[in-house]
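K.L.:
Build me a model from this:
(chains A and B, ligands or ions: 4)
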Number of protein chains: 2
Amino acid sequence: MKIGAVEAGGTKFVCAIGDENGQVSEQIKIPTTSPKETMNQVINYFKEQQVEAIGVGTFGPINVNKNSVTYGYVTKTPKPGWSNYDFLGSMKKELNIPISFTTDVNAAGYGEAVQGAGRGKENVLYWTIGTGIGAGYVQNGEFLQGISHPEMGHMLIRQNPNDIYEGHCPFHKNCFEGLAAGPAIEERIGKKAVELDQNDPVWDYIADYAAQACVTATLVLRPDIIIFGGGVIHQEHLLKKIRKHFKEQLNDYVDVPPLEEYIVRIGLNDDAGIKGALLLAAKELS
Amino acid sequence: MKIGAVEAGGTKFVCAIGDENGQVSEQIKIPTTSPKETMNQVINYFKEQQVEAIGVGTFGPINVNKNSVTYGYVTKTPKPGWSNYDFLGSMKKELNIPISFTTDVNAAGYGEAVQGAGRGKENVLYWTIGTGIGAGYVQNGEFLQGISHPEMGHMLIRQNPNDIYEGHCPFHKNCFEGLAAGPAIEERIGKKAVELDQNDPVWDYIADYAAQACVTATLVLRPDIIIFGGGVIHQEHLLKKIRKHFKEQLNDYVDVPPLEEYIVRIGLNDDAGIKGALLLAAKELS
Ligand SMILES: Nc1ncnc2c1ncn2[C@@H]1O[C@H](COP(=O)(O)OP(=O)(O)O)[C@@H](O)[C@H]1O
Ligand SMILES: Nc1ncnc2c1ncn2[C@@H]1O[C@H](COP(=O)(O)OP(=O)(O)O)[C@@H](O)[C@H]1O
Ligand SMILES: [Zn+2]
Ligand SMILES: [Zn+2]
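P.N.:
Ligands and ions are numbered 1, 2, ... in the order given. Here you go, the predicted model:
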């Protein structure tokens, strides 16, 4: 089967060709400019390739409610031209094939749930900590969503009193994303996050906040596994620190799997999003 | 159709007879003593009544995972004799009929979703603030659960710096339940919660904490509606205060329905649990 995948980001779109097993055979990158310019290139690429279905994982927020008249739209975004853009419709009009449409983090979470660190688990929570913080939750192959997709990155958490940074979120200042995403780390320390010593207390704050998000998610969702990906998670020492805080915070209130198996690093690394999108497209056909 | 319902609490079991529309025709109360003594009376009542199915909503934590060998058990509880008790199995052995088994808050949430304040909504979150704090989430008639049922009452929230109470939770001190359940209010003020003036700042703290729980639940679950029940919610002024804090905290980050329709009081009051259990039993038969 020949299948397409799109990973739509703020600076570039990755378009890939692959198969129903998530194997990628080729891919191209298209800069994110205006919707018209970018999407024309995306559509032409898939037209030439004659794929049977496409999976899209995109920046958001987007409308994922299939009963809505604006299903498939980007909703409000600071990216010029993209607010209220009919992303899915623009593709459907030109390519008469099944298209699966979800958030970038949901696509990566799906990849992780099916072929990555969550393989074989029923209830998989995937967090990404990068330029922003987001999460996707996959239960038996289906995304959790209500009136829209989750926005877990903006949870309100308890700031460590020694962490005097005011926070980076334009809506909430010191929500989880406002304190722990890459730009928040870098504004706090005045240099690249990668340059920060791994014993610096800032990493301990970040781990504390990520652990709180895991405690809350554990109590609300009761997942089998919590997987972390995203640029900031290149700091491998973070996982151990997150587990330590998690253990203290949850204080054995509910049973969870052994923490080395419960709170883990991403399995597919940078391929999670594209593989997830391919698998979602394949699911659309089956 | 003649159906049974059980609302199993720490001090008493309510057993009711009713129909598939949630109409109750009679009910009895049985004191909660030892599992053997209490359950014998429960079982004998339903044997005599010859019901076709039973819905059970019980105190927990319980095992709700149908694939588990200890499905239907009470897990660990401070109630003497009830830890690791095969609640569902003891009923199934004596009554050879379909039995639906879930938490007390799930049963009430189901009642609210189907016939109460959540009627007609797809994604219904139900909170109870009473002796403890718990929540149930119903999506298109199904409970959200992962490896077990939610325990949202123990979310970690931000304590108001003016609220110097240390918290009541034996696991987390100042989690949501530890700060906002009835016993926490009463320990803080040294009198019954019902005696507290409705302009007292303590109500504002409670509303702040409940609002934070709603913000988190909104970002994780994206429900259509959030319904509050339980003894503490007899304070009708609380809802307005919760909405005010919620608006400030969420700061319009995601769209939600108008707050008067989004954060609401329970519709069925004390009948939610029994009605929910009847409806769950009826569902078991259909
Ligand atoms: N090795 C690293 N260590 C710590 N932080 C990193 C590292 N690499 C990238 N980051 C952080 O991750 C962020 C980018 O996240 P990434 O997931 O790569 O991109 P995006 O979220 O835009 O898709 C940057 O803000 C940077 O601070
Ligand atoms: N009118 C009221 N105003 C404020 N609090 C109340 C009121 N009635 C009951 N409560 C509180 O609710 C708690 C009991 O909650 P309830 O939901 O009735 O029982 P339970 O949670 O045990 O099923 C008590 O701790 C009490 O403090
Ligand atoms: Zn925020
Ligand atoms: Zn607690």
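K.L.:
going forward, measure contacts between C-alpha atoms and count neighbours the same way
P.N.:
Noted.
K.L.:
Show me which residues of chain A sit near ligand 1.
P.N.:
Residues of chain A lying near ligand 1 by CA under 6 Å from any ligand atom: A:Gly130, A:Thr131, A:Gly132, A:Gly182, A:Pro183, A:Ala193, A:Val194, A:Gly230, A:Gly231, A:Val232, A:His234, A:Gln235.
K.L.:
Grab the nearest non-local neighbour of the second one.
P.N.:
Taking CA to CA, 6 or more residues apart in numbering or on different chains as the measure, A:Thr131 lies nearest to A:Gly182, with 5.2 Å between them; neighbours along the chain are not counted.
K.L.:
residue contacts, A:Asp204?
P.N.:
If a contact means CA atoms under 8 Å, 6 or more residues apart in numbering or on different chains, then A:Asp204 has A:Leu238, A:Lys241 as its contacts.
K.L.:
Doesn't it belong to a strand?
P.N.:
No - under DSSP: H, G, I helix; E, B strand; the rest coil, A:Asp204 falls outside any strand and is assigned helix.
K.L.:
mind checking pLDDT for it?
P.N.:
Note for A:Asp204: predicted pLDDT of 98.
K.L.:
distance of it from A:His245?
P.N.:
Taking CA to CA, to the nearest Å as the measure, A:Asp204 falls 9 Å from A:His245.
K.L.:
Quick check: phi and psi on the closest residue to ligand 4 within the stretch 101-250 of chain A?
P.N.:
With CA to the ion, the shortest gap between the stretch 101-250 of chain A and ligand 4 falls at A:Leu250, namely 8.3 Å. Main-chain dihedrals, A:Leu250, degrees, to the nearest 10: phi -70, psi -30.
K.L.:
Could you measure from it over to B:Asn174?
P.N.:
Using CA to CA, A:Leu250 is found at 12 Å from B:Asn174.
K.L.:
residues from the stretch 51-200 of chain A in reach of ligand 3?
P.N.:
Residues of the stretch 51-200 of chain A lying close to ligand 3 (CA under 5 Å from the ion) are A:His154, A:Cys169, A:His172, A:Cys175.
K.L.:
Wait, the third one touches A:Leu179, no?
P.N.:
It stands for A:His172. No - with contact defined as CA atoms under 8 Å, A:His172 does not count as touching A:Leu179 (10.0 Å).
K.L.:
Neighbour count: the two, which is higher?
P.N.:
Here A:His172 and A:Leu179 are set side by side on neighbour count (other CA atoms under 10 Å in any protein chain shown), and the busier one is A:Leu179, at 27 against 20.
K.L.:
secondary structure element for that one?
P.N.:
A:Leu179 is located in helix A:176-180, with elements delineated by DSSP states H and E.
K.L.:
helices or strands next to that helix in the packing?
P.N.:
Applying 3 or more CA pairs under 8 Å, 6 or more residues apart in numbering or on different chains; DSSP states H and E, one finds that helix A:176-180 contacts strand A:133-139, helix A:182-189, helix A:201-221.
K.L.:
quick one: the last one to helix B:201-221, angle?
P.N.:
This means helix A:201-221. Counting by axes from the mean of the first three to the mean of the last three CA atoms, to 10 degrees, helix A:201-221 points 80 degrees away from the direction of helix B:201-221.
K.L.:
Just the buried residues of helix A:201-221, please?
P.N.:
Buried residues in helix A:201-221, counted by 16 or more other CA atoms under 10 Å in any protein chain shown: A:202-221.
K.L.:
coming back round to it: among the helices and strands packed on helix A:176-180, which is nearest B:Asn40?
P.N.:
With respect to B:Asn40, and counting by CA to CA, the nearest of the helices and strands packed on helix A:176-180 is helix A:201-221 at 33.4 Å.
K.L.:
Check whether that closest one comes near ligand 4.
P.N.:
No - residues of helix A:201-221 are not located near ligand 4 by CA under 5 Å from the ion, the shortest gap being 10.3 Å.
K.L.:
Next, the angle strand A:133-139 makes with that helix.
P.N.:
With the same axes, to 10 degrees applied, the angle from helix A:201-221 to strand A:133-139 works out at 30 degrees.
K.L.:
Report all helices and strands that the next helix or strand after helix A:201-221 contacts.
P.N.:
For helix A:201-221, the succeeding helix or strand toward the C-terminus, using DSSP H and E, is strand A:225-229. Other elements packing on strand A:225-229 under the criterion 3+ CA pairs under 8 Å, 6+ apart are strand A:123-129, helix A:259-262, strand A:263-265.
K.L.:
Switch the ones you listed over to JSON lines; also include mean pLDDT.
P.N.:
Converted to JSON lines, the helices and strands packed on strand A:225-229 look like this (pLDDT from 0 to 100):
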{"stretch": "strand A:123-129", "mean pLDDT": "98"}
{"stretch": "helix A:259-262", "mean pLDDT": "98"}
{"stretch": "strand A:263-265", "mean pLDDT": "98"}
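K.L.:
which of these sits most buried?
P.N.:
Most buried of those by mean neighbour count (mean count of other CA atoms under 10 Å in any protein chain shown) is strand A:123-129; its value is a mean of 26.
K.L.:
May I have the strands that pair with that strand, each with its orientation?
P.N.:
strand A:133-139 (antiparallel), strand A:225-229 (parallel) (DSSP bridges).
K.L.:
got any ranges where chain A has weak pLDDT?
P.N.:
The model of chain A has no residue with pLDDT under 70.
K.L.:
And the helices in it?
P.N.:
Here chain A has its helices, by DSSP state H, at A:35-49, A:87-94, A:104-115, A:176-180, A:182-189, A:201-221, A:237-250, A:259-262, A:272-285.
K.L.:
quick one, what contacts A:Gln198?
P.N.:
Residues near A:Gln198 by CA under 8 Å, 6+ apart: A:Gln235, A:His237.
K.L.:
same thing with A:Gly276?
P.N.:
Taking CA under 8 Å, 6+ apart as the test, what A:Gly276 contacts is A:Gly22, A:Ala107, A:Ala108, A:Gly109, A:Tyr110, A:Gly111, A:Glu112, A:Val114.
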